[in-house]
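>>> coords please:
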Amino acid sequence: MLTILLVKEQFFYPDKMKISLNKKLENMARAAQAASRPLGVLATDEKNKILINMASALLAEKDKIISANKKDIVNCQSRNKAFIDRLTLTESRIKQMADSLIEVSKLKDPVLNVISSRDVPSGLKINKVRTPIGVIAIIYESRPNVTSDCIGLCFKAGNCVILRGGSESLNSNRAIFNILNKVALEAGLSRGTINLIDTADHKAVDYLLKLNNYIDLVIPRGGEELINKVVRSSLIPVIKHYKGVCHVYVDEEADLNMAHKICLNAKIQRPGVCNAMESMLVHQGAAVRFLPGMLKDFKDAQVQIRGCALTKKIAKWVKLATQKDYRTEYLDLILSVKVVDSLDSAISHINEYGSHHSDSIVTENAQAAEKFLKEVDSACVYVNASTRFTDGHQFGMGAEIGISTDKLHARGPMALEELTTYKYMVYGSGQVRE
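Next comes the predicted model:
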């Protein structure tokens, strides 16, 4: 009898018993799957009200978030400035997190949106309709504001979410999660709607990626090592939010003042993010006129330059670039530079060395611009604009889960529509197939 009671208590109250990490993760994933069904049909007005309450809670509890964030910063003092910048939460950034939740609440709910409709000869009416994906696991690094953005977007799109942030931001992520989950639970949502893996144990990710019976999609966003590990290990479909080796190409027919402004912004406005320029290409016909002043301003901004032989000839202090440099996402005040002999060479270089994230051409030649747009194989391709605009908010999508560099299902900023799948709703009047 005693044994039976103990078994019952362990089944119904697993938090009161010592259970393995794997079992905890399986329980979490199972709870998320169960919660995804009522969430998938939750009324839009209810979702929007909860999102607004979440935004208010972030602002009301900002001191708790900043206090937790300071612990993470202290633990990462040996990291570079760009890394610390990505990690740091200020009152302004917390307000941006809250504003993003409010903005998401104002966006059109994609769930049950009719993508297309047709009547077929059999008399059936067939609607292709957006539906939630179900349970999404998101594995990310550094930036704790991602926690809030992912919760808001997945929730509005009707998906339960399992978050696994980096160990460097564990305290910050925990504080944000606790605040937002409290709002969700007080609103009557099922426990399991929002989930955070609250451990730095790397084994958690290994096991999580095997739970394909409960989790529908994995989204990794972070460094190359993290993403490659997830792709190799996952039994669950993966949408990669890969590194951002972003380029700006200054064409022979560029407005050089415009190019100067765009390149400076793309590199130094916030160098530690995935849409910052990591490599600058310059047509040889513009190099002598453009590079001296541009490189001087980069040097004054403390940007290290790693350039080709022609770049080094123009500025002797430049470090000679290696092939590895042209493939590197620095996320820091470091820039690779290459002088190219043609637009075709620039396009070939970007397609070979880039990460299919965001790339821009600066030119006054409309034909060159169109060729660049058509032939550069990247998620976001720009004419006469900084790559820093690759962002869900800047694209009018609200916040985004990240920037997908995949080609299937979602590409570029992954926002509400990209967090849904679809099904066919078929209306008949007694038809049978002959």
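>>> all helices of the stretch 51-200 of the chain, in order?
Counting by DSSP state H, counting those that start in this stretch, one finds helices in the stretch 51-200 of the chain at the ranges 62-75, 81-87, 91-106, 145-156, 170-186.
>>> deepest of the ones you listed, which one?
When the helices of the stretch 51-200 of the chain are scored by mean count of other Cβ atoms under 10 Å, the highest mean neighbour count falls to helix 145-156 (a mean of 26). C-betas here are computed from N, CA, C, even on glycine.
>>> Give me the angle between it and helix 91-106.
Regarding helix 145-156 and helix 91-106, their directions subtend 10 degrees when assessed with axes from the mean of the first three to the mean of the last three Cα atoms, to 10 degrees.
>>> Who are the packing partners of helix 145-156?
Contacts of helix 145-156 with other secondary structure elements, assessed using 3 or more Cβ pairs under 8 Å, 6 or more residues apart in numbering; DSSP states H and E, are made with helix 44-60, helix 91-106, strand 135-140, strand 160-164, helix 170-186, strand 194-196.
>>> please redo it, this time with the cut-off set to 6 Å
If contacts are counted by 3 or more Cβ pairs under 6 Å, 6 or more residues apart in numbering; DSSP states H and E, helix 145-156 sits against helix 91-106, strand 135-140, helix 170-186.
>>> and of the ones you listed, who's closest to Glu278?
In this view, the helices and strands packed on helix 145-156 are compared for proximity to Glu278 by Cβ to Cβ, and strand 135-140 is the closest at 19.8 Å.
>>> strand partners of the closest one, parallel vs antiparallel please.
Partner strands for strand 135-140, per DSSP bridges, with pairing direction: strand 160-164 (parallel), strand 217-221 (parallel).
>>> Pick out the shakiest of those strands, pLDDT-wise.
Set side by side, those differ in mean pLDDT, and strand 217-221 is lowest with a mean of 93.
>>> If we go by neighbour counts, what in the following helix or strand past it is buried?
On the C-terminal side of strand 217-221, the nearest following helix or strand under DSSP states H and E is helix 224-233. Of the residues in helix 224-233, those with enough neighbours to count as buried (16 or more other Cβ atoms under 10 Å) are 226-227, 229-230, 233.
>>> returning to what we had before: now the weakest link among the helices of the stretch 51-200 of the chain, please, by mean pLDDT.
Ranked by mean pLDDT, those end with helix 81-87 at the bottom, a mean of 85.
>>> Can you name every helix or strand that it contacts?
Against helix 81-87 (3+ Cβ pairs under 6 Å, 6+ apart) you get no helix or strand.
>>> How far does it sit from its chain's centre?
On the basis of Cα atoms, centre = their mean, to the nearest Å, the separation between the geometric centre of helix 81-87 and that of its chain is 17 Å.
>>> what do you get for stretch 213-220?
Distance of stretch 213-220 from the chain centroid (Cα atoms, centre = their mean) equals 15 Å.
>>> Which residues does that stretch contact?
Counting contacts by Cβ atoms under 6 Å, 6 or more residues apart in numbering, the residues outside stretch 213-220 that touch it are 29-30, 33, 133-139, 226-227, 230, 234, 236-239, 401.
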